[in-house]
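Colleague: Provided below for reference: sequence and predicted model.
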Amino acid sequence: MDCANLPRVMISMARTRSLQEVLNAIVEGIGECKNVALARIWLVQPGDICETCRFRQDCQDRARCLHLVASAGNPVNEGDNCSGLEGEFRRFPIGNRKIGHVGATGSPLLVRDVQEDRQWFVYPKWAKKERIQTFAAQPLVYHDEILGVLGIFDRTELSAWDFDWMRMVADHAAVSIANARAFEEIADLKSHLEEENDYLRNEVCEVLGSTSIVGTSLGLTKVLEQIQLVAATDATVLIHGESGTGKELVARDIHEHSARRDRGMIKVNCGAVPENLFESEFFGHVKGAFTGALKDKPGRFELADGGTLFLDEVGEIPLSMQAKLLRVLQEQEMERVGDSRSRKVDVRIIAATNRNLAQEVEAGRFREDLYYRLSVFPIELPPLRERCEDIEPLAQHFVNLISRRMHREPGRMTRQSMRQLKDHDWPGNVRELQNVIERAVILSRGGVLRFDLPTEGRPESVPEQTREAAATILTSGEFRRLERSNIIAALKASDGKISGPNGAAEILEMKPTTLASRIKALGI
């Protein structure tokens, strides 16, 4: 192997950080050497083509094998391709044939006359056509670990000096390969952290900077006690409640009071993930796993490693995915789509649903074993209509929060408007209340808050005389008497106060000057 540029090759591979560029630099540099017909590198990787592998019958352990990852040379026929990575010898079982023997033992191999020693060659005609005289293979060893094999087919007889040079090149190659892998792992971890930080920043914006649970009702007090009890543990929590009751807020409170609070709480809305993307969304994928997979991407389980994964609307997970989710929950181990390497994850699961999962199990739409795995510690959130005493503090909380966000003075709520809020059924629960308050803040411009509520739900409290009047047509005199009684009732409710907060004008929703003129006209 007459090659004066081997020192340059070793310097080149040491300066390269990309694994594939390192591998190409090695074989292409050696391929430029005079009399080298072919230089190839095989690396130890998981078995992946066992059904089509030429040597599958001779492979005892199909978990790992030697993968052809780089090839270059100088064929006799210039039209032949020496850089291809396909063909019958793209995989070698560890211990099988000459490459597998070196990969298994870590011992170098030198065949000085391949025409005489036929036991190592499958196609002696190829060796004869390319005028191959010597075959040499050196293990790529780093910290006592065999990474792969470097093989050279030469048209001359290699000397002991050549073989020593090849050993030196193999040692430098092993270090460069290990370094390139380390750099790629660091880049992957950096990308992981950047994605996690972006995700968490978006989540903080969505929560409006508020994680407080507001209310003093018995139902909510029980929930807060349950949060205190379970937060310090790693138990799986299942939060059940109607849509809009604040299930995510409870999940965040559990996370913030747990030992995992320094790591993120990653949320996935199971109802918003297309069925064909569930596995990729949960477990991630490797580059080329499917059309559109242009780079490796971690899944939500990896992003939540060391923290909490919040599975919102967990009842929406399709049956085909539930078994895989159960396996990860039980073993804390997963594989990315298209990858055979298992990854350990340490994740605390908090799930939420507005469905009755017990009924879903009976109907065959949800796995019973997954249901019991998720409901280790169930929390039931009462709807807003069952805790009316929380409406007033919640409404004031939202007024202050939304006004601060909009850079406005908080609007004022009258006793009549608060009664209006309490009389409503709130089918959308706390979320609906927040939306109603936000709309009122926008329209109020810092004045009295007026709520636009649908007529469905509980009937509003209407004075008896008003209901009677609505049933009949009133004369002008009757209408004046009714108006007079109504204004007197408002004045009594406001302790004689006409204008200002909680005054009669505010209760009647009319201007103070208009009310004053009506009082004078009606002789009150």
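Modeller: In hand now; what should we look at?
Colleague: Can you name every helix or strand that the helix ranked longest in the chain contacts?
Modeller: The helix that spans the most residues within the chain, counting by DSSP state H, is helix 160-206. Judged by 3 or more C-beta pairs under 8 Å, 6 or more residues apart in numbering; DSSP states H and E, helix 160-206 is in contact with helix 6-15, helix 19-31, strand 134-142, strand 145-154, strand 265-269, strand 297-298, helix 300-303. For glycine as for every other residue, the C-beta is placed from the backbone atoms N, C-alpha and C.
Colleague: of all the ones you listed, which lies closest to His407?
Modeller: strand 265-269 (28.3 Å; C-beta to C-beta).
Colleague: May I see the buried residues of the closest one?
Modeller: 265-268 (16 or more other C-beta atoms under 10 Å).
Colleague: again with stretch 390-407
Modeller: Applying 16+ other C-beta under 10 Å to stretch 390-407 flags 390-391, 394-395, 397-399, 401-403 as buried.
Colleague: most packed of the helices and strands packed on helix 160-206?
Modeller: Per residue and on average, the most neighbours among those fall to strand 145-154, with a mean of 23 (mean count of other C-beta atoms under 10 Å).
Colleague: ok now that strand, how far from the chain's centre?
Modeller: Computed by C-alpha atoms, centre = their mean, to the nearest Å, the chain-centroid distance of strand 145-154 equals 40 Å.
Colleague: Make 724 the starting number, not 1.
Modeller: Sounds good: first residue 724 from here, last item strand 868-877.
Colleague: by contact count, what packs against it?
Modeller: strand 759-769, strand 787-796, helix 820-828, strand 857-865, helix 883-929.
Colleague: Parallel or antiparallel, which strands does that strand pair with?
Modeller: Looking at strand 868-877 with DSSP bridges, its partner strands are strand 759-769 (antiparallel), strand 857-865 (antiparallel).
Colleague: sorry, back to before: could you check the helices and strands packed on strand 868-877 and tell me which one is nearest Thr1031?
Modeller: helix 883-929 (11.8 Å).
Colleague: Could you check the angle that closest one makes with helix 729-738?
Modeller: Helix 883-929 runs at 20 degrees relative to helix 729-738, counting by axes from the mean of the first three to the mean of the last three C-alpha atoms, to 10 degrees.
Colleague: Direction-wise, compare helix 883-929 with strand 787-796 and give the angle.
Modeller: 110 degrees.
Colleague: Check what contacts stretch 1115-1130 and list those residues.
Modeller: 931, 933, 935, 937-939, 1107, 1132-1134, 1136, 1141, 1144-1145, 1153, 1156-1157, 1160-1161, 1164-1165, 1169, 1172 (C-beta atoms under 8 Å, 6 or more residues apart in numbering).
Colleague: In the stretch 924-1073 of the chain, where is pLDDT below threshold?
Modeller: 924-935 (pLDDT under 70).
Colleague: ranges for the helices of it?
Modeller: Assigned by DSSP state H, counting those that start in this stretch, the helices in the stretch 924-1073 of the chain fall at 941-954, 970-979, 1001-1006, 1023-1026, 1042-1054.
Colleague: can you put those in TSV and add distance to Gln1082?
Modeller: Listed next are those as TSV, based on distance: least, C-beta to C-beta, whole Å:
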stretch	distance to Gln1082
helix 941-954	22
helix 970-979	18
helix 1001-1006	23
helix 1023-1026	27
helix 1042-1054	15
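Colleague: Can you check which of those gets nearest to Asn1209?
Modeller: Once those are compared by C-beta to C-beta, helix 941-954 is nearest, at 37.2 Å.
Colleague: ok so, going back, can you redo the helices and strands packed on helix 883-929 as a markdown table with distance to Trp849?
Modeller: Shown next, in a markdown table, are the helices and strands packed on helix 883-929 (distance: least, C-beta to C-beta, whole Å):
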| stretch | distance to Trp849 |
| --- | --- |
| helix 729-738 | 26 |
| helix 742-754 | 17 |
| strand 857-865 | 12 |
| strand 868-877 | 9 |
| strand 988-992 | 54 |
| strand 1020-1021 | 42 |
| helix 1023-1026 | 45 |
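Colleague: Determine which of these approaches Val898 most closely.
Modeller: With distances scored as C-beta to C-beta, the stretch of these nearest to Val898 is strand 857-865 (6.2 Å).
Colleague: And Asp1218, how far from Ser1240?
Modeller: 21 Å (C-beta to C-beta, to the nearest Å).
Colleague: ok, back up a step: wait, which of the buried residues of strand 988-992 is closest to Ser735?
Modeller: Ile989 (41.9 Å).
Colleague: Just give me the neighbour total for the closest residue to the closest one other than its chain neighbours.
Modeller: Nearest residue to Ile989, sequence neighbours excluded (C-beta to C-beta, 6 or more residues apart in numbering): Ala1027, at 4.0 Å. Counted with other C-beta atoms under 10 Å, residues neighbouring Ala1027 total 26.
Colleague: ok, Ala1027 touching Arg983?
Modeller: No: look at Ala1027 against Arg983 with C-beta atoms under 8 Å: they stay out of range, at 9.2 Å.
Colleague: now the end-to-end length of stretch 1035-1043.
Modeller: End-to-end distance of stretch 1035-1043 (C-alpha to C-alpha, to the nearest Å): 18 Å.
Colleague: How far away from the center of its chain is that stretch?
Modeller: Relative to the centre of its chain, stretch 1035-1043 is centred 15 Å away, using C-alpha atoms, centre = their mean.
Colleague: remind me which residues of the chain are low pLDDT?
Modeller: 724-729, 737, 838-845, 920-921, 923-935, 1169, 1177-1195, 1197, 1199-1200.
Colleague: Give me the most central residue, it.
Modeller: By C-alpha atoms, centre = their mean, the chain has its centre lying nearest to Arg1023, at 2.5 Å.
Colleague: In PyMOL, select just the buried ones from the contacts of stretch 1115-1130.
Modeller: Command for PyMOL, covering only those of the contacts of stretch 1115-1130 found buried under the criterion 16+ other C-beta under 10 Å:
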select buried, resi 937+938+1107+1133+1134+1136+1141+1144+1145+1153+1156+1157+1160+1161+1164+1172
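Colleague: separation between the residue nearest to Ala955 when sequence neighbours are not counted and Gly987?
Modeller: Take Ala955 and drop its neighbours on the chain: the residue closest to it by C-beta to C-beta, 6+ apart is Ser981, 6.6 Å away. The gap separating Ser981 from Gly987 is 12 Å, by C-beta to C-beta.
Colleague: Show me the common contact partners of those two, please.
Modeller: The contact lists of Ser981 and Gly987 share Thr1031, where a contact means C-beta under 8 Å, 6+ apart.
Colleague: Can you get me the start-to-end distance on stretch 1029-1048?
Modeller: Stretch 1029-1048: ends 18 Å apart by C-alpha to C-alpha.
Colleague: Tell me the buried residues in it?
Modeller: In stretch 1029-1048, the ones that count as buried by 16+ other C-beta under 10 Å are 1030-1040, 1044-1045, 1047-1048.
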